[in-house]
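**Student:** give me a 3D structure for the following:
(chains A and B)
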Amino acid sequence: MELAFSGWSGILILVMYGLIMLGVGVFTYLRNRHIHQSLDEYYLGGRGLGVMVLFFTFFATQYSGNTVVGYPPSAYRQGYEYLVSVPFFITIIMAYLLFAPRLYRLGKKYKLITPAQWFEKRYKSKAVTILAALLMLYGLGNYLLEQLVAIGQGVSGLTGGTIPYQVGVIFFVIIMVIYGWLGGMRSVAYTDTMQGIALLFGVFMLLIGSIVYFGGLPTSADYMQAYSPEKLGVPDGPAVVNWFSLLVLIGIGAAVYPHAIQRIFSAKSERTLKRSFSRMAWMPFLTAGVVFVIGIIGINAYPGLTESESEQLVGMMASAVASQNVIFYWAMVLLFGGVIAAIVSTADSVLLTFSSIISNDLYGSYINPEAPEKKKLLVGKLVGLVAVGILILVAWFPPGTLYQIFVLKFELLVQVAPGLIIGLYWNRLHSKAVFAGMLAGTIIASSMTLFGLSFFGVANGLWGLLVNVGICVIGSLVMSVSVVEEKEAKQVIGM
Amino acid sequence: MSTEKREPIKNPRIWIILGILLAMITPWYFPKSFGEILVYGIPLWAVIIIISSLLLSAYLSYVMKYHWMLEEDEEEAEQKGAK
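**Tutor:** Numbers count the residues shown, from 1 in each chain, chains lettered A, B, ... in the order given. Modelled structure (predicted):
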């Protein structure tokens, strides 16, 4: 990305962000030296996150730098049809209502650390737990890969190529690992708060600058009426189907992100969790809504861009705004620093959850259950580090033919939803049906994605999810659950 | 404070209302002309989607506040006991 304001000021702001993140890590370490003996303290911040911190850490899992850089180009190309990006962030909160109240309660009761541990508790089946854990690890790994690539591109864009892609990735990965190791979930959540504030401030400044410089929505609407009325029009049949499938898939998919679920367990109290969710319900208007408007203004500001040119839209608009005066200049530097910080904050949450599943579920439950917590923690941290190393290599030397397997994430993560959610309420849900459903859903969703198949405009992950739910429900009805098993399940759920 | 436990999933009324709101935030019910009428540069159908989305957010906040009470009383009692 070419930015008019890139160069030394970009380097300055990045170094500053990096130092603040490190400072947060050191501060957390000094204040909480005891956390390195306990999975609970390290991965969940001792289950003590308050409203503001919890809110910003949820915010960081849902909104990444990609929301700011990637959404306006989509709005630019699709017009008002892309308004769906506002309500789909609200349906995430709606999906939480389906399971978060009960899951929080059970998390507290059984001291759950990861979502995979709930599978173990509920189904008492090694196969189900390991499959769920692997799906989550795979999805999280690809999610992390995407963030690492974005960090590299962002840094090299913001510094005008002065800092090459690779150096940018290494610099932020080292910082991320250090503060993550020093303070665990606490560090991650505190840095999320700083990163979230920087991002919100920058996005608003870009909006104000764009309106002042390019004109607001009415100007853009005049342009669309004259040259591309379809961008204003009511979505037609297939577009409505696509809209609705996004509402459902993103609502459920993002709500069951493993790192999002882990934050439910981290809440200090039910009241804290409720308040954080309530605030999250309004955030789509301030984030997705604002970046949508920026994209719409772009239609008039830079008409006729090709698809690949339009990907640079935010950079172009920010460069134009930055050249207005010194306040906008620094606001845009802060914004792009904030975009990179937001990507780092999404990456650190993902990495922490990745390590926790290794520590707690794979190593801690099956490989060496007798190990002291300190050792489990160390194994999780080290495996996380190795995974990051491998992902960095993949990012630098992308394999030519198999690249598709690194794209799958949402499609896979969403397949744990039926076992997770239905299992909370239905005592008869059979562990074998859950296993078969999860496996079938995964195979369908990933092969559709790999071979580029699509039916009726409904997202691939959703087809997998439908089959998955079908197998779970019908399988459980057909297979008989013994009275003992049903009783056990009832006892675990305990409500 | 009441000791009554409330869980949103067990209240069918909530899900009926959420279902209606979900239908309202999907643009299937607009006549074509709603794409031509502009309100401050925003097509009318999009204005209705935005208003419906605001209603959904408001309703979700309401449900969280008043219809989700599983642990709160106990947690508050614990906290008082700890002080």
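
**Student:** return the distance of stretch A:21-40 from the chain's centre.
**Tutor:** Between the centre of stretch A:21-40 and the centre of its chain there are 24 Å (Cα atoms, centre = their mean, to the nearest Å).

**Student:** same check on stretch A:361-376?
**Tutor:** Its chain's average C-alpha position is 27 Å from that of stretch A:361-376, according to Cα atoms, centre = their mean.

**Student:** low pLDDT regions in the chain?
**Tutor:** The chain I'm using is chain A. Scanning chain A for pLDDT under 70 picks out the ranges A:1-6, A:398-406, A:457-458, A:495.

**Student:** hm, I was asking about chain B
**Tutor:** B:1-3, B:80-83.

**Student:** quick one: the helices in it, in order.
**Tutor:** B:12-24, B:44-66, B:72-82 (DSSP state H).

**Student:** now do the first one: which elements does it pack against?
**Tutor:** What it means is helix B:12-24. helix A:85-110, helix B:44-66 (3 or more Cβ pairs under 8 Å, 6 or more residues apart in numbering or on different chains; DSSP states H and E). In this view, the C-beta of every residue, glycine as well, is placed from N, C-alpha and C.

**Student:** quick check: closest non-adjacent residue to residue A:131.
**Tutor:** residue A:438 (5.7 Å; Cβ to Cβ, 6 or more residues apart in numbering or on different chains).

**Student:** give the contact list for that neighbour.
**Tutor:** A:128, A:131, A:132, A:135, A:415, A:416, A:418, A:419, A:468 (Cβ atoms under 8 Å, 6 or more residues apart in numbering or on different chains).

**Student:** helix or strand for it, which one?
**Tutor:** Here residue A:438 sits within helix A:431-450, counting by DSSP states H and E.

**Student:** how near is residue A:272 to chain B?
**Tutor:** Distance of residue A:272 to chain B, given as Cβ to the nearest Cβ, to the nearest Å: 9 Å.

**Student:** so in chain A, which helix runs the longest?
**Tutor:** helix A:165-214.

**Student:** is any residue of that one near chain B?
**Tutor:** No - using Cβ under 8 Å from any Cβ of the partner chain, we find that helix A:165-214 stays clear of chain B, coming within 11.1 Å at best.

**Student:** could I get the helices of chain B as CSV with mean neighbour count?
**Tutor:** CSV is the format used below for those (neighbours: other Cβ atoms under 10 Å in any protein chain shown):
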stretch, mean neighbour count
helix B:12-24, 15
helix B:44-66, 19
helix B:72-82, 12
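
**Student:** give the next helix or strand downstream of the helix holding residue A:438.
**Tutor:** helix A:460-478.

**Student:** convert that next one to CSV, retaining C-alpha atoms only.
**Tutor:** Extracted C-alpha coordinates of helix A:460-478, given in CSV (Å, rounded to 0.1, in the frame of the first residue of the first chain):
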residue,chain,number,x,y,z
ASN,A,460,-20.2,-23.3,2.4
GLY,A,461,-19.7,-23.3,6.1
LEU,A,462,-23.5,-23.1,6.5
TRP,A,463,-24.1,-26.2,4.4
GLY,A,464,-21.6,-28.1,6.5
LEU,A,465,-23.3,-26.8,9.6
LEU,A,466,-26.8,-27.9,8.4
VAL,A,467,-25.6,-31.4,7.8
ASN,A,468,-23.8,-31.4,11.1
VAL,A,469,-26.9,-30.4,13.0
GLY,A,470,-29.0,-32.9,11.1
ILE,A,471,-26.7,-35.8,12.0
CYS,A,472,-26.4,-34.7,15.6
VAL,A,473,-30.2,-34.6,16.1
ILE,A,474,-31.3,-37.5,13.9
GLY,A,475,-28.3,-39.6,15.1
SER,A,476,-29.2,-39.0,18.7
LEU,A,477,-32.8,-39.8,18.2
VAL,A,478,-31.9,-43.1,16.4
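
**Student:** now for it, which elements pack on it?
**Tutor:** Using 3+ Cβ pairs under 8 Å, 6+ apart: helix A:460-478 touches helix A:237-255, helix A:410-413, helix A:417-425, helix A:431-450.

**Student:** got the buried residues for it?
**Tutor:** Residues A:460-465, A:467-469, A:471-473, A:475-476 are the ones in helix A:460-478 that count as buried (16 or more other Cβ atoms under 10 Å in any protein chain shown).

**Student:** let me see the contact set for residue A:203.
**Tutor:** Contacts of residue A:203 (Cβ under 8 Å, 6+ apart): A:68, A:287, A:290, A:291, A:294, A:335.

**Student:** verify the stated contact: the first one with residue A:339.
**Tutor:** Put plainly, it is residue A:68. Yes - using Cβ atoms under 8 Å, residue A:68 makes contact with residue A:339 at a distance of 5.2 Å.
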